[in-house]
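Participant: give me a model of this one.
(one chain, ligands or ions: 1)
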Amino acid sequence: MAATTTVLESEQFQKPILLGEGPNRVDGRSKVTGEARYAAEFSLNNVAYGVIIQSTIANGYITRIDTSSAAKSDGVLAVLTHDNAPKLKKADFRTSFIIGEDHLVLQDITIYYAGQHIGLVVADTLEHATYAASLVRVVYEEDKPILQTIQGLHTAYKPTNFHGFFEAQISRGNVVSALSSSSTVGSVIIERVYTTPIVHHQPMESISVIADCEGDNITVYESTSSVMRVRDALSNLFDTPPEKVHVISHYIGGSFGSKGPTWQHAVLAVMASRKLKRPVKVVLTRQQMFTSAGHRPETIQRITLGASRNGKIFVIKHNTITQTSFIGDFFEPASKTTAMLYACDNMEGTHEVVRMNISTPAQMRAPGETTGLFALESAMDELACELDIDPISIREINYADVNPENGLPWSSKYLKDCYRIGADLFGWLNRNPVPRSVRDGRFLVGMGAATATYPGIRSPASARVRILSDGSAVVYAASQDIGTGTYTVVSQVAADVLGLPIERVRSEIGDSSFPPAPPSGGSQTTASLAPTVKEASEVALSKVVDIARKDVTSPLYSKNERIVAVGEGRLAANQGGTPIVDSYQKILNRNNLPFVEAEAKTGPGQERKNYAFCSFGAEFAEVKVDPDLGELKVSRFFGVFDVGRVINAKTSRNQVIGAIIQGIGMALMEQTILDQTSGRVVTNNLADYLVPVNADIQEIDVRFIEKPDPYISPIGARGLGEIGITGAAAAIANAVYNATGKRIRELPITLDKLLLD
Ligand code: MOS
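Facilitator: Below you'll find the predicted structure:
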């Protein structure tokens, strides 16, 4: 028997051991059988039900809340309002993502948006609480709300940075002189405005919590993308040490960014549970998901591109106007990606933010990239048309060999391969560049392409790996699986290092008492956690190896040869061609050890100063449009992505295809409409807020350039998920132009826009 795995050496990850289809989701069975427990499904004794009362006006003050009928209603245990709510500790959250909005719930009478939480009715049943909530009478003093970007434009502010992550006002070279000199050199300038509407995440599982408080201790079962952030937020607000806050989030039914911050429902549930000394459950209704869990704000983006006739761009301007609330600072950083995507010496990217009477926006599936690339990649297509250059070629002409923002080399970049392989497999070469020239029966057919990109984020993460005396292993980390496959990837990496079948490795995540790990946002979970799980597994393994070497009863006793994990929980030394074998189970049992464990913490380092880390992709859409009715289908969608190592091809495909479907929704359907008098969301249900269903989706396929990133970590995975949506809307809009000759610059591309001339 040969030693197939060379543990304790990083060369192990140089070979594609984990490629191929990848194992099935380890949590697949528990999800389809209903065994997986989501936040609202934990059955606690004596649980009470909280129903949130929300403001029906968008701007003003509460003059009176009459809760007397509600309080007397059947089964009611408490009615919380600003009149009787406990005081929260004021903390400055504006610069962080820890909480969604910097306004403490039930502490004052000011109303900033329609749907703001102004009370909580708690009763013995959900029905009793729901009925009692309908009895609460609120009297307001109402002011005229700001409900459109244009209304508040005169008060717009220019943020210097985006939550401390990157600059919000970007410039390099000299945009003004580049533009003024351009007329003399026979070049082309295009200037276009693109808009994207307010959209909402709408994961299947709406945001929910059960708070169970005892004395100072706070336990919450919360649907969150970050158990650590919820812990920190509640610790702050209730002035309780973090050790006394326990956040559990085992299964999460999708997030897309909506569950990234801590929202106010959790604060209300904790208040009520403390008061009543019993568990309190609060589940946002689908309607409340349109006001209380973030959204992607509207953007108005002006793009200016100057290029010479050969397609080389010499100036790019990207000026974004977007929105935030009066009680937060999150805005859509749509201009940021334009700074890094194409080589260009003269660049300007700006953001202006208008405060409006809406709930605070939040990160939604690739914030900045998704909206920004719709504009930039549409403009690139317009430029290509103007210059009569192939849209893929113009992107290659302006290819950024280093990061144009700072001159750093890329850690690895295979975007040219994405373009070429994608064009080849999609059949791009058959495309007719002349709009309205291809038909399939009565339908006009068009093809469009766009670049996709997403940063290669990695954060510090820790994990504990325990090898048990039954020959299995457990990994503990305060990470979470928002539906992406974290359980599976964590088990895979540990199983790989430990030489165990994946069924023998259990992942324990979604619990703030485990070693801290980053939020499941920014497509960073695998990139951050996998290297840590690898290291912790290696250390745990080396501890068992040391025990065996010192164990006189082990065949491996005092062996100087390298001892490696060889599969099925066995360890072996290769002694002149003869394998000497022992096993975890035998070693631990002989030494009376129930388990051997190791903890590791890894994170980004010096490599971040030397390289720029980014994932890339090329996305291709084919659309079929009914020329008489404007009806539109994305008949084919194809993407090729360079994301570093792909650890699990199945979950990766699933992630990226899901993101593409969300991109189809963004391109064709999704928009949140506010009532322009009341500020309430008109489309606050899934009948009026359209998302793609199976019937809307035709053929989608993706490929990965399976080249590990040599610098990001010893695993080489940059992470993925969000990248799938980033170029999707532009690819579709460009295909619509190619099919119909109509350039739609205002999302979504609804059929009325295709009918109007
Ligand atoms: Mo992504 S919405 O930045 O988690």
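
Participant: let me know the secondary structure of residue 236.
Facilitator: Of the three states, residue 236 takes helix under DSSP: H, G, I helix; E, B strand; the rest coil.

Participant: helix/strand/coil for the closest residue to it other than its chain neighbours?
Facilitator: Leaving aside its sequence neighbours, residue 236 sits nearest to residue 91 (CB to CB, 6 or more residues apart in numbering; 4.7 Å). Bear in mind the C-beta positions are built from the backbone N, C-alpha and C, glycine included. Following three-state DSSP, we place residue 91 in the coil state.

Participant: can you list contacts of stretch 587-599?
Facilitator: 462-469, 515, 536-537, 539-540, 543-544, 547-548, 551, 553-554, 571 (CB atoms under 8 Å, 6 or more residues apart in numbering).

Participant: pLDDT of that stretch, averaged?
Facilitator: Mean per-residue pLDDT for stretch 587-599: 98.

Participant: quick check: buried residues in that stretch?
Facilitator: 587, 588, 590, 591, 593, 595, 596, 597, 598, 599 (16 or more other CB atoms under 10 Å).

Participant: now for those residues: which two are most distant?
Facilitator: 590 and 599 (24.5 Å; CB to CB).

Participant: which residue of this structure lies farthest from its centroid?
Facilitator: residue 552 (51.5 Å; CA atoms, centre = their mean).

Participant: that residue is in what secondary structure piece?
Facilitator: According to DSSP states H and E, residue 552 maps onto no helix or strand at all.

Participant: tell me, what's the model's pLDDT at it?
Facilitator: Residue-level pLDDT assigned to residue 552 equals 97.

Participant: same thing with residue 181?
Facilitator: pLDDT, residue 181: 81.

Participant: report the secondary structure state of it.
Facilitator: Going by three-state DSSP: residue 181 is helix.

Participant: distance of it from residue 189?
Facilitator: 11 Å (CB to CB, to the nearest Å).

Participant: repeat that for residue 577.
Facilitator: 72 Å.

Participant: how about residue 394?
Facilitator: Counting by CB to CB, the gap from residue 394 to residue 189 is 15 Å.

Participant: out of the buried residues of stretch 587-599, who's nearest residue 353?
Facilitator: Out of the buried residues of stretch 587-599, the member with the shortest distance to residue 353 (by CB to CB) is residue 599, at 41.8 Å.

Participant: helix or strand for the closest one, which one?
Facilitator: strand 595-602.

Participant: got it, and residue 530?
Facilitator: Assigned by DSSP H and E, residue 530 falls in helix 525-550.

Participant: what's the angle from that helix to strand 595-602?
Facilitator: 140 degrees (axes from the mean of the first three to the mean of the last three CA atoms, to 10 degrees).

Participant: could you point out which element follows helix 525-550?
Facilitator: strand 563-567.

Participant: parallel or antiparallel, list what pairs with that following strand.
Facilitator: strand 570-575 (antiparallel) (DSSP bridges).

Participant: mind exporting the partner strand as CSV, just the C-alpha atoms?
Facilitator: Taking Å, rounded to 0.1, in the frame of the first residue of the first chain, the C-alpha atoms of strand 570-575 are listed here in CSV:
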residue,chain,number,x,y,z
ARG,A,570,-4.9,4.9,9.3
LEU,A,571,-1.5,6.3,9.7
ALA,A,572,1.5,4.7,8.1
ALA,A,573,5.3,5.0,7.8
ASN,A,574,7.0,3.7,4.7
GLN,A,575,9.9,1.6,5.9
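
Participant: what's the pLDDT at the residue of the stretch 151-300 of the chain found nearest the ligand?
Facilitator: Nearest to the ligand, among the residues of the stretch 151-300 of the chain, is residue 257, at 2.7 Å (CB to the nearest ligand atom). Looking at residue 257, its pLDDT is 96.

Participant: now do the contacts for the residue nearest to it when sequence neighbours are not counted.
Facilitator: Once flanking residues are discounted, residue 257 sits nearest to residue 363: 3.8 Å by CB to CB, 6+ apart. Applying CB under 8 Å, 6+ apart, we find residue 363 in contact with 97, 257, 260, 294, 330, 521.

Participant: and the helix holding residue 530, what does it pack against?
Facilitator: Secondary-structure packing of helix 525-550 (3 or more CB pairs under 8 Å, 6 or more residues apart in numbering; DSSP states H and E): strand 461-468, strand 473-476, helix 486-498, strand 563-567, strand 570-575, helix 584-590, strand 595-602.

Participant: residue 291: neighbouring residues, count only.
Facilitator: Residue 291 has 25 neighbours, counted by other CB atoms under 10 Å.

Participant: contacting residues for it?
Facilitator: Residue 291 touches 54, 113, 114, 115, 116, 359, 681, 684, counting by CB under 8 Å, 6+ apart.

Participant: swap in residue 308?
Facilitator: 185, 186, 187, 188, 314.

Participant: how about a cut-off of 10 Å?
Facilitator: By CB atoms under 10 Å, 6 or more residues apart in numbering, the contact list for residue 308 reads 182, 185, 186, 187, 188, 314, 387, 397.

Participant: find the nearest non-adjacent residue to the fourth one, please.
Facilitator: Distances taken as CB to CB, 6+ apart put residue 308 closest to residue 187, at 4.7 Å, once the chain neighbours are dropped.

Participant: cool, and residue 25?
Facilitator: residue 488 (4.9 Å).

Participant: and the one you found, what does it touch?
Facilitator: Per CB under 10 Å, 6+ apart, neighbours of residue 488: 22-28, 481, 502, 507, 647-648, 650-651.

Participant: are any of those residues buried, and if so which?
Facilitator: Applying 16+ other CB under 10 Å to the contacts of residue 488 flags 22, 23, 25, 26, 27, 481, 502, 507, 647, 648, 650, 651 as buried.

Participant: how many residues are close by the nearest residue to the last one once chain neighbours are set aside?
Facilitator: Distances taken as CB to CB, 6+ apart put residue 485 closest to residue 651, at 3.2 Å, once the chain neighbours are dropped. Burial of residue 485, expressed as a neighbour count using other CB under 10 Å, amounts to 25.

Participant: roughly how far apart are residue 485 and the ligand?
Facilitator: 15 Å (CB to the nearest ligand atom, to the nearest Å).

Participant: likewise for residue 619?
Facilitator: According to CB to the nearest ligand atom, residue 619 and the ligand sit 18 Å apart.
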